[in-house]
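Asker: Take this sequence and fold it.
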Amino acid sequence: MTTPFTTWDARVRGARDERARRTLLGEVGLWRAQHLTDLPAQREATWALSELHRLLGDRERAAHEAQQLMALCRTAPRPAREVMAEAERHLARLTRPERGGGEQRAAWAGAVEAVREGRFDEARAALAGSRNPKAGLLRVWAKLAEALAQEEPARTQTLQALERELAGRFAEVKAPREEAPRSQAQPSAPPAAPAEAPVGDRPLALLLDGPVPRRREPLLKAIDRLLAADPSKADAVAAAALRDHVGQHGEKAVAPWLIGLSVRALATTDGVATREAIAALGEAYAVTAYRETPFERLAAVHRAAEAAGMGPHGARRGLLRHGEPDDRVAWTLRVLAPEGEAMVSLLPAVDAPWADGVPARIVARLVELSPRGVVAAPGPHHEALREAAAAAGLVALDTDEAAPVVEALAALPAPEPPAPPPPDPAEQLRTLFEADPPSPEEAYAEPLAAQARAYKALVAVRGPLHARTPAEADVRMAPFLRAVHASAPAGVRLVEGVSEAVRLAAMVPGGAVDALLRAGDAAAARYGAPGVLPLVGLLSPAVAEGWSVGRVLLGITRGEERARPALAPLGKAVRGLVRVRLRRGDVEGEVWWLDEPSAEAQMALPLLLLAPGARVLVAASGQGIEGWLSPDAGTPLLLWPDAGAPALVDALAAWTPSEAGPAEDEEAP
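Answerer: Sure, this is the predicted structure:
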């Protein structure tokens, strides 16, 4: 198979074993690092790295490199069409395994989003290889949208090419045969029977005074409205609903949602029609459960609770999705007991003990549904269940009579008042932060432990922090930053903390936060030291000139990775690059500090520099950075400390309001 990526193709094909491929992998990686400003060379090397990873069986790394290759191909100047097409096919081979229905729909959704946002290369890659007609339609849409986004004459040429492609697809379509005149044609088939029987043939429809809703929820709401207006119709409605369900859906269709209606019919009326319907339907799955003894007992409890004014409702059968034995399924009913809602659970008498562990699961589910309730489980074999229920605070009875159950419901104690809500950790932190004298580090331990994530603690004090003078904020922020560091898990990056530490250290040289960064301990490292210390010295003169320090970023943000997928494989390996946002009035931009940048940082810099915005690059002297980094003419590159603070202040003064940098709320990694 030939490929337009020819620089390394022969070497990659010639590497026949793992050792040769890994040796070539290192050679290609070094060659790519030496050609960072050569875009075609970057593409050739990235393709070779991706292909080598694929041959070594590392599909994930291969896909990462393929995504970077796509980003490089989208970067101007764009490569030839065949290079772009091969990059798309290569990425598709690595990222599109055999898909099920859900994965295919997800791919189509991604393609649709890509077309809407103008990312036509990604849309084609997502649809590559799919033979589904919908995928073909999406491809046509992508081509049409891309054509309309182009300038003339490219727009007309692309549209003409698309028209020729579609004409070729339909070249073999033939005209249909001529049909006989209507008078000679066969008579049309009789109209199909209506999907729903006429109202007059469905007793339930007559009771509802209209068509029977097809969906369950509207049907139950219609029945509730009818019985609210005339409760005496419960028996007729329950019987009609059971017959209608079996008639419409068949004898093997269950109907657990009609249990409550059936219990209500037996409890509030004589239940003659409902019992006749249950007997007539025989073995239909909708009524077989009504043979269980708790059904009639539950109707009796419902009747007694209604007479006692407890408002019974919500009859159900079953508690556990799996593991509840068929011969001892619980039937439940909710009531409004004198001191609040409670639940009745009735079980049938059984002729064998419970299996180990099952009573505990049954009781746990009962308590989950209602911590106040009565369990009526008659017979000696339910002793384990009754003991478990009593231990959980439920009333357990050895009876199958309704009267003791209702008496127990009336005697249930009042529920314990709800515990007061826990104090808001964010509010506690703000109170401690504003206290006079400033709170020590250990005072923050308890509210910080209650915070779900450390960054929320930093967000919580942002308002009172910025309302203080720099000197007041400095003495409060130092112990707070140490406390946040102590509470945060190892490895968690405190981006907000780094920004505030650098801002205050630059505003208050020699202050408490400056001393924290210079302490050389783990807390200092958490907030960017020692890498940010030269940056603090850089920024102090700018702050004195009226510049305010905004967000500080270490490495690459997730937003940048999404915008340029080639940055994603570099990730957290980008070190030695710190970017800080500066603002004065309506002028803003970024200062980038480079100090011993990692190889990944060197690879990321050319792509990061493609983003618009005002910026000044400052690099540590003596590292030879100026030898390989060549920013555009509008981006100054200063060497520190050779250039000195006045050079940075002068460079910032050259910024204009029209130069808008990245969004302040850029999502950090």
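
Asker: Span of stretch 273-287 from start to end?
Answerer: Taking CA to CA, to the nearest Å, the span from the opening residue of stretch 273-287 to its closing residue is 14 Å.

Asker: buried stuff in that stretch?
Answerer: Neighbour counts using 16 or more other CB atoms under 10 Å place 273-275, 277-278, 281, 284-287 of stretch 273-287 among the buried residues. C-betas here are computed from N, CA, C, even on glycine.

Asker: Next: stretch 144-164.
Answerer: Within stretch 144-164, the residues that qualify as buried by neighbour count (16+ other CB under 10 Å) are 146-147, 158.

Asker: Adding pLDDT, write those residues out as a markdown table.
Answerer: Formatted as a markdown table, the entries for the buried residues of stretch 144-164 read as follows, by pLDDT from 0 to 100:
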| residue | pLDDT |
| --- | --- |
| 146 | 81 |
| 147 | 79 |
| 158 | 76 |
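
Asker: residue ranges for the helices of the stretch 551-669 of the chain, please.
Answerer: Along the stretch 551-669 of the chain, counting by DSSP state H, counting those that start in this stretch, helices occupy 558-563, 599-608, 625-628, 645-653.

Asker: Export the buried residues of stretch 273-287 to a markdown table and append columns for distance to residue 582 and secondary structure.
Answerer: Formatted as a markdown table, the entries for the buried residues of stretch 273-287 read as follows, by distance: CB to CB, whole Å; DSSP: H, G, I helix; E, B strand; the rest coil:
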| residue | distance to residue 582 | secondary structure |
| --- | --- | --- |
| 273 | 82 | helix |
| 274 | 79 | helix |
| 275 | 83 | helix |
| 277 | 80 | helix |
| 278 | 80 | helix |
| 281 | 79 | helix |
| 284 | 77 | coil |
| 285 | 73 | coil |
| 286 | 73 | coil |
| 287 | 77 | coil |
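
Asker: Grab the two from those that are most spread out in space.
Answerer: Largest separation among the buried residues of stretch 273-287 by CB to CB: 273 and 285, giving 20.4 Å.

Asker: picking up where we left off before, can you tell me which of the buried residues of stretch 144-164 are in helices?
Answerer: Applying DSSP state H to the buried residues of stretch 144-164, the entries found in helices are 146-147, 158.

Asker: any chance of the residues you listed in JSON lines, plus distance to residue 243?
Answerer: As requested, those are exported to JSON lines (distance: CB to CB, whole Å):
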{"residue": "146", "distance to residue 243": "60"}
{"residue": "147", "distance to residue 243": "61"}
{"residue": "158", "distance to residue 243": "64"}
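
Asker: that older thread, which of the buried residues of stretch 144-164 lies closest to residue 612?
Answerer: Nearest to residue 612 among the buried residues of stretch 144-164 is residue 146, at 23.2 Å by CB to CB.

Asker: residues contacting residue 392?
Answerer: Contact analysis of residue 392 by CB atoms under 8 Å, 6 or more residues apart in numbering lists 363-364, 366-367.

Asker: And the pLDDT for it?
Answerer: pLDDT, residue 392: 93.

Asker: distance of it from residue 453?
Answerer: Look at residue 392 and residue 453: by CB to CB, to the nearest Å, they are 35 Å apart.

Asker: so where is this structure shaky, pLDDT-wise?
Answerer: Residues of the chain meeting the criterion pLDDT under 70: 1-2, 96-106, 128-131, 164-165, 167-201, 323, 630-634, 658-669.

Asker: How about residues contacting stretch 436-443?
Answerer: Under the contact criterion CB under 8 Å, 6+ apart, stretch 436-443 has outside partners 432-433, 475-476, 479-480, 482-483, 486.

Asker: mind running it again at 10 Å?
Answerer: Contacts made with stretch 436-443 from outside it, assessed by CB atoms under 10 Å, 6 or more residues apart in numbering, are listed as 428-429, 431-433, 435, 472, 474-486, 512, 523.

Asker: These, buried ones only, as a PyMOL selection?
Answerer: The PyMOL selection below is limited to those of these classed as buried (16+ other CB under 10 Å):
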select buried, resi 428+429+432+433+472+474+475+476+477+478+479+480+481+482+483+484+485+512+523
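
Asker: quick one: which of the contacts of stretch 436-443 sit in helices?
Answerer: Assigned to helices by DSSP H, the following of the contacts of stretch 436-443 qualify: 428-429, 431-433, 472, 474-486, 512, 523.

Asker: how close does residue 273 sit to residue 296?
Answerer: Remark: distance between residue 273 and residue 296 (CB to CB) = 16 Å.

Asker: Tell me if I'm right that residue 259 and residue 302 touch.
Answerer: No. With the criterion set as CB atoms under 10 Å, residue 259 and residue 302 do not qualify as a contacting pair; they are 11.5 Å apart.

Asker: Need the overlap of contacts for these two.
Answerer: When contacts are counted by CB under 10 Å, 6+ apart, residue 259 and residue 302 have residue 315 as shared neighbours.

Asker: For the contacts of residue 392, work out which two are farthest apart.
Answerer: Taking CB to CB as the measure, the contacts of residue 392 span a maximum distance of 7.3 Å, between 364 and 366.

Asker: Give me the more crowded residue out of these two.
Answerer: Per other CB atoms under 10 Å, whichever of residue 364 and residue 366 has more neighbours is residue 366, with 22 against 14.

Asker: Now that one. Nearest residue, chain neighbours left out?
Answerer: Using CB to CB, 6 or more residues apart in numbering and skipping residues adjacent in sequence, the residue nearest residue 366 is residue 345, 5.8 Å away.

Asker: right, and residue 594 touches residue 628 too?
Answerer: No. Between residue 594 and residue 628 there is no contact under CB under 10 Å: 11.1 Å.

Asker: shared neighbours of the two, which are they?
Answerer: Applying CB under 10 Å, 6+ apart, one finds that residue 594 and residue 628 are jointly contacted by 602, 605.

Asker: Counting neighbours, go ahead and name the busier of these two.
Answerer: Set side by side, residue 594 and residue 628 show unequal neighbour counts under other CB under 10 Å, the larger going to residue 594 at 22 against 12.

Asker: Give the bridge partners for that one, please.
Answerer: Residue 594 forms beta bridges with residue 577, residue 619, as assigned by DSSP bridges.

Asker: show me the contacts for it.
Answerer: Going by CB under 10 Å, 6+ apart, residue 594 touches 576-579, 601-602, 605, 617-620, 623, 625, 629, 637, 639-640.

Asker: Pull up the overlap in contacts between residue 364 and residue 366.
Answerer: Overlap between the contact sets of residue 364 and residue 366, as judged by CB under 10 Å, 6+ apart, is given by 319, 388, 392.

Asker: would you list those residues in TSV and tack on distance to residue 537?
Answerer: Formatted as TSV, the entries for the shared contacts of residue 364 and residue 366 read as follows, by distance: CB to CB, whole Å:
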residue	distance to residue 537
319	68
388	69
392	65
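
Asker: What is the nearest of those residues to residue 218?
Answerer: The shortest gap between residue 218 and any of the shared contacts of residue 364 and residue 366 belongs to residue 319, at 27.6 Å (CB to CB).

Asker: show me what contacts that closest one?
Answerer: Applying CB under 10 Å, 6+ apart, the residues contacting residue 319 are 329-332, 345, 347, 361-366, 368-369.
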